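Asker: this is a predicted model, with the sequence first.
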Amino acid sequence: MVALYLPGGNQADGPDSKRSSEPPRPKGPCWFCLSSPEVEKHLVVSVGTQVYVALAKGGLNKQHVLILPIGHFQSLVTCSEEVIEV
């Protein structure tokens, strides 16, 4: 089973924020955005076109990885169709 973790919980910013072509910019530091200086790039395993795979700090087991969108999304509700289909 694979879980898609999206920082920021499950709340969308509003009805118009869904499925926009350009993901919103983070309002502060984000540990998961690849362009952020806070992301721990040594934990990145693979980078695709829409998502990347990273090792979890303190994973639940040896096979625990995170599948994260490359762009900044606050929740799965705000992700583009391309990210969700991956």
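Answerer: Done, it's in.
Asker: how about Val77, secondary structure?
Answerer: Taken by DSSP: H, G, I helix; E, B strand; the rest coil, the conformation at Val77 corresponds to helix.
Asker: give me the neighbour count for it.
Answerer: 16 (other Cβ atoms under 10 Å). No exception for glycine: its C-beta is placed from N, CA and C like everyone else's.
Asker: separation between it and Ile70?
Answerer: For Val77, the distance to Ile70 equals 18 Å [Cβ to Cβ, to the nearest Å].
Asker: what does Gly28 give?
Answerer: Counting by Cβ to Cβ, the separation of Gly28 from Ile70 is 19 Å.
Asker: cool, His42 as well?
Answerer: 17 Å.
Asker: same question, Thr49
Answerer: Distance from Thr49 to Ile70, by Cβ to Cβ: 8 Å.
Asker: who has more neighbours out of those two?
Answerer: Counting neighbours by other Cβ under 10 Å for Thr49 and for Ile70 shows that Ile70 has the greater number, 17 against 9.
Asker: wait, doesn't that one sit right on Val51?
Answerer: Yes - if you go by Cβ atoms under 8 Å, Ile70 and Val51 touch, sitting 6.3 Å apart.
Asker: where exactly do the helices run in the chain?
Answerer: Under the criterion DSSP state H, helices of the chain are mapped to 81-85.
Asker: so where's it uncertain?
Answerer: Across the chain, the stretches falling below the confidence threshold (pLDDT under 70) are 1-26.
Asker: would you map the strands across this structure?
Answerer: Using DSSP state E, the strands of the chain run over residues 44-47, 51-55, 65-69.
Asker: can you list these in a markdown table and add mean neighbour count and distance to Phe32?
Answerer: A markdown table is the format used below for these (neighbours: other Cβ atoms under 10 Å; distance: least, Cβ to Cβ, whole Å):
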| stretch | mean neighbour count | distance to Phe32 |
| --- | --- | --- |
| strand 44-47 | 12 | 11 |
| strand 51-55 | 17 | 8 |
| strand 65-69 | 20 | 5 |
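Asker: select, out of the ones you listed, the one closest to Val86.
Answerer: Across these, Val86 has its closest neighbour in strand 51-55 (5.1 Å, Cβ to Cβ).
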